[in-house]
Structures are given as structure tokens and as C-alpha cells.
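S.K.: Quick one, fold the following:
(chains A and B)
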Amino acid sequence: MYGNDFAATGDAGVPASDVAATSAGRTLLEQVEDAERELRSASERSVVGDDRLQDYFDAVINADQKIEPRDWMPDPYRLGLIRQIAQHAHSEIIGMQPEGNWISRAPSLKRKAILLAKVQDEAGHGLYLYAAAETLGVSRSDLVDQLLTGRQKYSSIFNYPTLTWADVGTIGWLVDGAAIVNQVPLCRCSYGPYARAMIRICKEESFHQRQGFEILHTLAHGTPAQRAMAQDAVNRWWYPSLAMFGPPDTASTHSEQSMTWKIKRFSNDELRQRFVDMCVQQATVLGLSLPDPDLRWNAERDHYDFTQPDFHELMRVISGDGPCNRQRLEHRRRAHEEGAWVREAAAAYAAKRAAREPAGV
Amino acid sequence: MTSVDYVLGLGDDALVAAQRLAQWCARAPELEEDVALANIALDQLGAARLLLTYAGELEGAGRDEDALAYLRGDREYRNCLLVELPEPDFAVTMAKLLFLSAYQKLRYEWLAAAGDERLSAVADKARKESAYHLDHASLWTVRLGDGTPESHRRMQDAVDRLWPYTHELFEGDHAALRPQWLSLVTAVLDEATLTRPADGGWAPGGGRQGLHTEHLSYLLAELQVLHRAHPGARW
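M.R.: Reported below is the predicted structural model:
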């Protein structure tokens, strides 16, 4: 999912050795491919199990196989997944706004085309995530309603404004980068339709991240004004990007359930550390600095030490008081309301056509 | 020899149409339509880039696609008025797309078979895209025209309001294409239970000579603002 920065979705940690074992020597894209292979082989195996539904479910999870829509599943598993997939879908849809903000003003026709295609991909991601959620027995219109009424959240990162063109590059580099770090483990999620959607999304996100990096690289090596624009954007987006991984593990009040169910595989802090380690080297290539005076390599931990994001700010943004919460939701509601007559017309036309067709055709 | 203005006319139509269509991104009536309209905008933008690049080469003054898109004022733009008109609702967008794509399809088909090799290569690709745009606009025109009383009223309003601007498309050499265009468009309007407006009334023009509506300058101000703020920068 875009982030773990939703309300009430914290999770407890797993030992750090697990991370090393699972991700050792594999790039993020290679991990996506591994997950795809795993998915294929899971569908070829079969579980010898008990007749009892819960036992069968547990056996499937323990055997690292996939739960499919036809399978029985515990209600909390189903409801938790619906919420997680829906919030991920909402994030894609709301995320179209901050970047879409620059389509009309993109500084070259090539950049305009790339950005338009990127925002279009996000709409596509939203579509297949809603479709994945629908396999769990909810309707897209119900989920959209939950978004519009504020009952379900979206990633808080999109409640920050895109003030300059460099923000578009920075979102690609940092926000999509953080999203990928979050999402790659989800490619191995125990629920088949979600895992499949994540595999496809991760491949596209990594493409977006590279494009964002390239925008920033061009700016950082451009005129002094472009360079300043790039550094300013990185300064503004760094800590909100770190906050995308959610509250620290020590503050997590929620069960290890989603770890046990193999929906989630790593803790918030592990993923955040992985992201920081990845960004430091990339920032060097960009020739931009990360706005953290305490960022330094720790040879003992084999990781970078860094300053944590302001979690009070994260909580404020989650609870609705970020710079753009109101604007993002109002925009979505307005688009929905203004499109109502079009959707009604399409439904009325489809009904007329169905009535005109002879029965059985 | 193909004239620079001729190619600019084609390219500017596509670029301005792309700019308008892209405004729907993140505010379309349904998610599928966000994807579809972005797709069509991307097709238009792609054609615009090829055409502006070619116009720059024909001109021979060293202007590339970005110099032509970002550094000309509205008096130097050669697009038809239809594409620059604002799109206050989805019915106007679909009526514009119906009229424009039927016209572009016919023009690209004609150019694909004509003598200029560069243009015919662009047109050969673009005509297939135009056929898809026409299909999309036709489906929506029919759905809205034959949908609810409200959608019928809005669609008819849009058709009535935009019809006068379609005459400009067939100025001069292109007059011969109008009968074919009329038969494409009329078939869709009929199926949509919409009334085709009468010809012979107001027929605004001037876009091909750089005399535009008041709307184009605002559109270009937005399109060009960042590029112009950093003269000579690479992006």
C-alpha cells in the first residue's frame, strides 16, 4: 500500500534477522519477480487438509499458499483486507490530485506526456485495487462512499501540497520510492487477488520512481534556480515520506495478526530503515542533501542512523488537519457530484438497451 | 511543398485539445473515464509533438517542439477555435471530441495518402487513434443523448453551442471533407436522438490566421508559465 500512515493500522515487529534473510542480495524488482514465481507455484500445489474450514485456512497460510475469493476465510481476515485494499485504492485516487496539479504546467511536452501517463497509471491502479477489494464481497460504490464520507482513510502523504515542479520529481523519487518499499513485501501477501494486483503495481511504480529521479537529476544539474527548486522540494518531502511507514513499532497498539496471516511481513520501523538506507546513496547521485544533520552510517548496526519524522504531525494530518486534507476531499466529492448526471445517464441508457434487446440475446 | 502554417494548424489543434482533455484528469465522472480521457489526451499530445517538430524543421529557424509550444503567443497559434473553447461540463467535452475526432480522422486519412512523406507517416498512425477517439465520443454522445432527460438536454445544448465552430474546420481546401464529416456526425446524432442544428447561421473563424477567442490566451498562460519563467533551462 502507499503507506502505513493510516489511522489504526500499526503492527508489531519481527526480528531484524528476518529482513536480512528475506531480502538479502535481491533488488526490489527481483523481489517482485520472486513473488510472481511464488504465486504461480502456489497455484500448482495443493494442500492436504482437514475438512474443517479454519484448519484448511490455517494450512493454506502456513504452506505459503494463496487464499482465493472462493475460499472460506475468517471474518477479521476479510474485513482487514477490505480496509487495507480499499485504503490503498483510495490513496491511488487521491494521489492523482497533487501530481495532476502540474500536468497543465509541465515545462516540456515530453514531461507533460510522462506525467499524464503516470497519473493515468494511478487511476488504473485504483481500478484494479477496487476490483481486488470487490472479490471480498464489497462494491466499489460502497468503498467510494466510505472515502467521500471520511470513514476510510488514504495515505496522509497526499495531504501535502505540490508547490513547484520539483515536487513532481520528489514525489516520484521519495513517495513512490517509499510506496515500493512498502508494497514489494505485499506482492507475497497471502490473499491471491491482492498479491497479483501488487505485482503489477510494483512494476509500474518502479518505473515512476525512476522518472521522478530523472526529473530531480535534471533539475539538480540545471540552472541555480532549478537546483534550489529541487533542494527545497526534497527538504519539504523528506520527513513526510518517512512518516509514510506509519508510527514507530514501540507505539504500535495493534496485534501481530496481519503478520501471522502473512498480509504484512515487516514492521514499520524495518521498512523505514530500508527506505533510508536506499535513499542516502541515491541522494548522493542526485547531488542533493537530505535535511537531517544526524544522518550517518552506523557500522555496528550496518544501517544509517537518522532522525525520526515528527509523529505528532503525522497524527495531526491523519486526524484531518494537514495542509490539504479538506482540499483533497472536497475535490473528490465535487468530481463525484458533478459526474452524477453522467453516471445516471449511462445507467439509464444501459437499461433502455437491455429492455430493447429481445429476451435471451 | 507543405507550408509551416499548415502543419502548425494540425499540431496546434492536437496540442490545445490535449491541454483541455488533460484538465479532466482526476475529475472525470467515473474512474474508467479518467483513464480514457487521459489516453486520448496522450494520443493528441503525441501527434502534436511529431507535428510541431516537423513544423520547426520546415521553418528552418531552429525551433523545436518546445520552442513552438511554449514560446509562441496566442496570435501565433494556428489551431481552430473549437479546441480552445472551455469545457464547463462533460457533454461539451464529448461534443467537442465528436466533432474534432471525426474531422481529424478524415484529415489524417487524406494526409496518409497524400504526397508529403513525413506527414503521411504521422497521419497513418494518428488516423487509427482518431478512429478510437471518434468511437469513444460517439458512444458517450449516444449514452447522454438517449440517457435521462437531463443528459439529453445537456448534450443537445452542447451540440447547439458548438455547431457554429465546426464550419471553420472546413475552410478553404478542406471544404470537400464536410459532406463526409456530416454523414459521420449525423449518424451519431440520430442514434443519440439529438437534433442536428441547421447550417447557414453564425460561423466564427480566424483561428488558422491567429485570431482566437479570449480563451486561448488563458490556456497558453497556464501551459507556458513555468517554461517561460526559466529562459533557456533544460527540463
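S.K.: what about residue 161, neighbour count?
M.R.: This is for chain A. Residues within reach of A:Pro161, counting by other CB atoms under 10 Å in any protein chain shown, total 16. C-beta: built from backbone N, CA, C; applies to glycine.
S.K.: try again with chain B
M.R.: B:Arg161, neighbours per other CB under 10 Å, totals 15.
S.K.: Identify the residue nearest it in space, chain neighbours excluded?
M.R.: Spatially, and ignoring its direct neighbours in sequence, B:Arg161 is nearest to B:Val92 (7.2 Å; CB to CB, 6 or more residues apart in numbering or on different chains).
S.K.: Is stretch A:149-168 positioned near chain B?
M.R.: Yes - under the criterion of CB under 8 Å from any CB of the partner chain, stretch A:149-168 makes contact with chain B via A:Trp165.
S.K.: Next up, the contacts around residue 126.
M.R.: Since you didn't name a chain, this refers to chain A. By CB atoms under 8 Å, 6 or more residues apart in numbering or on different chains, the contact set of A:Gly126 is A:89-90, A:92-93, A:96, B:31.
S.K.: Chain B, not that one
M.R.: B:43, B:47, B:104, B:108.
S.K.: do the same with A:Pro76
M.R.: A:Gln257.
S.K.: average pLDDT for whichever strand or helix holds it?
M.R.: Here A:Pro76 sits within helix A:75-100, counting by DSSP states H and E. On average, the pLDDT along helix A:75-100 is 96.
S.K.: cool, stretch A:287-300 as well?
M.R.: 98.
S.K.: What lies in contact with that stretch?
M.R.: With CB under 8 Å, 6+ apart as the criterion, stretch A:287-300 contacts A:216, A:220-221, A:230-231, A:234-235, A:238-239, A:276, A:279-280, A:283, A:304-307.
S.K.: let's go with 6 Å and repeat that
M.R.: Stretch A:287-300 is contacted by residues A:220, A:230-231, A:234-235, A:238, A:283, A:304-307 when judged by CB atoms under 6 Å, 6 or more residues apart in numbering or on different chains.
S.K.: now stretch A:78-91
M.R.: By CB under 6 Å, 6+ apart, the list of residues contacting stretch A:78-91 reads A:1-2, A:6, A:126, A:129-130, A:132-133, A:136, A:138, A:143, A:147, A:152-155, A:191, A:194.
S.K.: rewinding a little: what's the helix or strand hosting the residue nearest to B:Arg161 packed up against?
M.R.: Element membership of B:Val92 [criterion: DSSP H and E] is helix B:90-112. The helices and strands touching helix B:90-112, judged by 3 or more CB pairs under 6 Å, 6 or more residues apart in numbering or on different chains; DSSP states H and E, are helix B:117-145, helix B:149-162, helix B:178-191.
S.K.: buried set for the longest one?
M.R.: For helix B:117-145, the neighbour count (16 or more other CB atoms under 10 Å in any protein chain shown) marks B:119, B:122-123, B:126-127, B:129-131, B:133-134, B:136-145 as buried.
S.K.: Enumerate the residues of chain B near chain A.
M.R.: Residues of chain B lying near chain A by CB under 6 Å from any CB of the partner chain: B:22, B:25-27, B:29-31, B:34-35, B:38, B:42, B:45, B:49, B:65-66, B:69, B:90, B:143-144, B:146-148, B:150-151, B:222, B:225-227, B:233-235.
S.K.: mind listing what the closest residue to A:Ala197 other than its chain neighbours touches?
M.R.: Spatial nearest neighbour of A:Ala197, excluding adjacent residues (CB to CB, 6+ apart): A:Ala132 at 4.6 Å. A:Ala132 is in contact with A:85, A:193-194, A:197, counting by CB under 6 Å, 6+ apart.
S.K.: and those, which of them are in helices?
M.R.: A:85, A:193-194, A:197 (DSSP state H).
S.K.: picking that back up, angle of the helix holding B:Val92 against helix B:178-191?
M.R.: 150 degrees (axes from the mean of the first three to the mean of the last three CA atoms, to 10 degrees).
S.K.: export helix B:90-112 as CSV, just CAs?
M.R.: The C-alpha coordinates for helix B:90-112 follow below in CSV (Å, rounded to 0.1, in the frame of the first residue of the first chain):
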residue,chain,number,x,y,z
PHE,B,90,-18.8,16.5,-19.7
ALA,B,91,-21.4,16.9,-22.5
VAL,B,92,-19.4,19.8,-24.0
THR,B,93,-16.2,17.7,-23.8
MET,B,94,-17.9,14.9,-25.7
ALA,B,95,-19.5,17.1,-28.3
LYS,B,96,-16.1,18.7,-28.9
LEU,B,97,-14.4,15.3,-29.2
LEU,B,98,-17.1,14.0,-31.5
PHE,B,99,-16.7,17.0,-33.9
LEU,B,100,-12.9,17.1,-33.6
SER,B,101,-12.2,13.4,-33.9
ALA,B,102,-14.5,12.9,-37.0
TYR,B,103,-12.7,15.9,-38.6
GLN,B,104,-9.2,14.7,-37.6
LYS,B,105,-9.9,11.2,-38.8
LEU,B,106,-10.9,12.4,-42.2
ARG,B,107,-8.0,14.8,-42.5
TYR,B,108,-5.4,12.2,-41.3
GLU,B,109,-6.9,9.6,-43.7
TRP,B,110,-6.5,12.1,-46.5
LEU,B,111,-3.0,13.1,-45.4
ALA,B,112,-1.9,9.5,-45.1
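S.K.: Next, the angle helix B:117-145 makes with it.
M.R.: Going by the same axes, to 10 degrees, helix B:90-112 makes 150 degrees with helix B:117-145.
S.K.: roughly how far is helix B:90-112 from the heart of the chain?
M.R.: 7 Å (CA atoms, centre = their mean, to the nearest Å).
S.K.: Which positions within it qualify as buried?
M.R.: B:90-112.
S.K.: got it, and stretch B:225-235?
M.R.: Buried-residue list, stretch B:225-235, by 16+ other CB under 10 Å: B:226-227, B:230, B:233, B:235.
S.K.: Span of it from start to end?
M.R.: 14 Å (CA to CA, to the nearest Å).
S.K.: ok, and what's touching it?
M.R.: Residues contacting stretch B:225-235 (CB under 6 Å, 6+ apart): A:105, A:107-108, A:111, A:165, A:222-223, A:226, B:70.
S.K.: To what extent is the residue nearest to B:Ala102 when sequence neighbours are not counted buried, counted in neighbours?
M.R.: Nearest residue to B:Ala102, sequence neighbours excluded (CB to CB, 6+ apart): B:Leu184, at 4.5 Å. The local packing of B:Leu184 (other CB under 10 Å) involves 18 other residues.
S.K.: For A:Gly150, see how far away B:Leu184 is.
M.R.: 46 Å (CB to CB, to the nearest Å).
S.K.: just the buried residues of stretch B:225-235 now: which is nearest B:Gly210?
M.R.: B:His227 (20.2 Å; CB to CB).
S.K.: How much space separates the closest one from B:Tyr218?
M.R.: Taking CB to CB, one finds B:His227 at 16 Å from B:Tyr218.
S.K.: what do you get for A:Pro309?
M.R.: 40 Å.
S.K.: quick one, what contacts A:Val175?
M.R.: Taking CB under 6 Å, 6+ apart, one finds A:157, A:241 in contact with A:Val175.
S.K.: For it, which three-state class applies?
M.R.: Here A:Val175 is recorded as helix under DSSP: H, G, I helix; E, B strand; the rest coil.
S.K.: can you tell me how far it sits from A:Glu122?
M.R.: 11 Å.
S.K.: helix or strand right after the helix or strand of chain A with the lowest mean pLDDT?
M.R.: Across the helices and strands of chain A, mean pLDDT, DSSP states H and E gives its lowest value to helix A:16-23, namely a mean of 41. Once helix A:16-23 ends, the next helix or strand along the chain (criterion: DSSP H and E) is helix A:28-44.
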